[in-house]
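**Student:** What follows is a predicted protein model with its sequence.
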Amino acid sequence: MIVLTLTNCPHALRGDLTRWLFEVDTNIYVGKQSARVREKIWERVIKTATNGRAVMVYPDKNEQGFDFRVWGATWEPIDFDGLKLMLRPHPGKAHASATQLKPGFSKVKKRLLAKRVAAVKKRAPALVDTYVVVDVETTGFSPDTDEIMEIGAIKVVEDECREVFQALIRIQGTVPPHIEELTGITNETLVKEGRALDEVMHEFHAFVEGWPMVSHNIAFDMGFLRVAYERCALSMPVHACIDTLRMARKLLDAPSDYKLGTLLKYFGIERVGAHRVLGDCKATKALYEKLRSRSRGDIHEEERGETDESE
């Protein structure tokens with residue numbers, strides 16, 4: 001079942017959609033189509049919607065039982081620990097974006113960045129045994145309105161932990177009570193032990209630069225890291241990134257969800273120091289090794305199957 005809603009879209013698009021979907025109310029369409037047809041419908045929507053907004057919801061084989069896409073909306077889809085959520089913009093940020101032009105990259109800068117990303121992907125193997133595991137603890141979900149309060153990384157060389165990096169950061173705001181309860185990091189702790197963001201990010205940059213990066217739900221961590229790099233006037237390096245969340249979704253069907261804690265229980269991995277960066281880095285390393293082994297096993301099975309068929 002597909003549910004599609006439109007706002008301020010051209011009338012031609014509304015008429016076009018009735019060829020595949022049933023309009024149950026003004027700008028609300030439902031229908032049952034194949035995944036291929038659904039993709040073609042969405043391509044048509046984003047080509048024709050111009051300055052309008054569109055939201056499509058459809059079933060999916062994930063822990064939520066559905067997925068969704070948005071076009072032209074002010075709310076932003078985010079992936080939080082395996083769950084797809086909608087992030088409401090901060091009122092101040094929304095007002096600023098409506099009255100100011102956002103700075104962007106020039107075409108030349110975009111081409112150079114694309115070349116750097118391609119070069120990193122080309123030289124970095126998909127399943128590495130030498131890498132750096134990264135984790136951040138934050139005051140909330142939004143990189144634009146929340147802050148990093150702890151950052152950590154572990155360098156792994158041939159599956160052995162060699163070096164660790166950990167730092168608490170003095171934040172401009174305060175730690176929400178539920179975050180204090182979850183992490184054990186209090187405002188008093190940050191006042192006493194926290195360091196300036198600029199100082200920590202320069203050290204972190206030197207620690208991780210040039211290393212393939214492993215993290216669970218890496219999009220979340222990278223979103224906060226990008227903002228931190230910008231605030232410290234640092235150029236963010238392009239890493240080869242491995243996301244254990246994406247690996248788990250690809251390789252596993254049994255877990256009830258794909259949160260880090262659930263996956264650790266699935267593999268029988270002991271978790272020490274949950275929701276603190278070094279504890280979560282060590283847990284992510286163990287999870288990555290299990291998933292990497294499972295992935296290589298699948299590859300070997302496929303190769304064996306192809307050999308059997310050829311014989």
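**Tutor:** Thanks, I have the structure now. Residues are numbered from 1 along each chain as shown.
**Student:** Low-confidence bits of the stretch 101-250 of the chain, can you list those?
**Tutor:** Scanning the stretch 101-250 of the chain for pLDDT under 70 picks out 101-126.
**Student:** can you give me the helices in it?
**Tutor:** Counting by DSSP state H, counting those that start in this stretch, the stretch 101-250 of the chain has helices at residues 107-123, 177-183, 187-193, 197-208, 218-231, 244-251.
**Student:** Make TSV from the ones you listed and add distance to residue 261 and mean neighbour count to it.
**Tutor:** Glycine gets a C-beta too; all of them are placed from N, C-alpha and C. Formatted as TSV, those follow (distance: least, C-beta to C-beta, whole Å; neighbours: other C-beta atoms under 10 Å):
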stretch	distance to residue 261	mean neighbour count
helix 107-123	30	11
helix 177-183	12	14
helix 187-193	23	14
helix 197-208	25	17
helix 218-231	15	18
helix 244-251	12	20
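**Student:** do you know which of the ones you listed lies nearest residue 54?
**Tutor:** Checking the helices of the stretch 101-250 of the chain against residue 54 by C-beta to C-beta gives helix 218-231 as the closest, at 22.6 Å.
**Student:** Would you mark the buried spots in the strand or helix carrying residue 40?
**Tutor:** Using DSSP states H and E, residue 40 sits in helix 35-48. If you call a residue buried by 16 or more other C-beta atoms under 10 Å, then helix 35-48 has these buried ones: 38, 41, 42, 45, 48.
**Student:** Let's have those in JSON lines, adding pLDDT and distance to residue 279.
**Tutor:** Formatted as JSON lines, the buried residues of helix 35-48 follow (pLDDT from 0 to 100; distance: C-beta to C-beta, whole Å):
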{"residue": "38", "pLDDT": "90", "distance to residue 279": "41"}
{"residue": "41", "pLDDT": "90", "distance to residue 279": "45"}
{"residue": "42", "pLDDT": "88", "distance to residue 279": "40"}
{"residue": "45", "pLDDT": "88", "distance to residue 279": "44"}
{"residue": "48", "pLDDT": "84", "distance to residue 279": "49"}
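**Student:** Out of those residues, the closest to residue 211 would be?
**Tutor:** Set against residue 211, the nearest of the buried residues of helix 35-48 by C-beta to C-beta is residue 42 (37.0 Å).
**Student:** how near is the closest one to residue 209?
**Tutor:** To residue 209, residue 42 is 38 Å away according to C-beta to C-beta, to the nearest Å.
**Student:** Also residue 295?
**Tutor:** Distance from residue 295 to residue 209, by C-beta to C-beta: 27 Å.
**Student:** re earlier: how about the helices of the stretch 101-250 of the chain, which one is nearest residue 32?
**Tutor:** Here helix 244-251 is closest among the helices of the stretch 101-250 of the chain (C-beta to C-beta), at 24.7 Å.
**Student:** roughly how far is the closest one from the heart of the chain?
**Tutor:** 12 Å (C-alpha atoms, centre = their mean, to the nearest Å).
**Student:** That helix versus helix 218-231: what angle between them?
**Tutor:** In terms of direction (axes from the mean of the first three to the mean of the last three C-alpha atoms, to 10 degrees), helix 244-251 departs from helix 218-231 by 160 degrees.
**Student:** Next SSE downstream of helix 244-251?
**Tutor:** Following helix 244-251 in sequence order, the next helix or strand is helix 260-267 (DSSP H and E).
**Student:** follow-up on the earlier one: could you dump the buried residues of helix 35-48 into a markdown table and include distance to residue 204?
**Tutor:** Below are the buried residues of helix 35-48 laid out as a markdown table (distance: C-beta to C-beta, whole Å):
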| residue | distance to residue 204 |
| --- | --- |
| 38 | 42 |
| 41 | 44 |
| 42 | 39 |
| 45 | 41 |
| 48 | 44 |
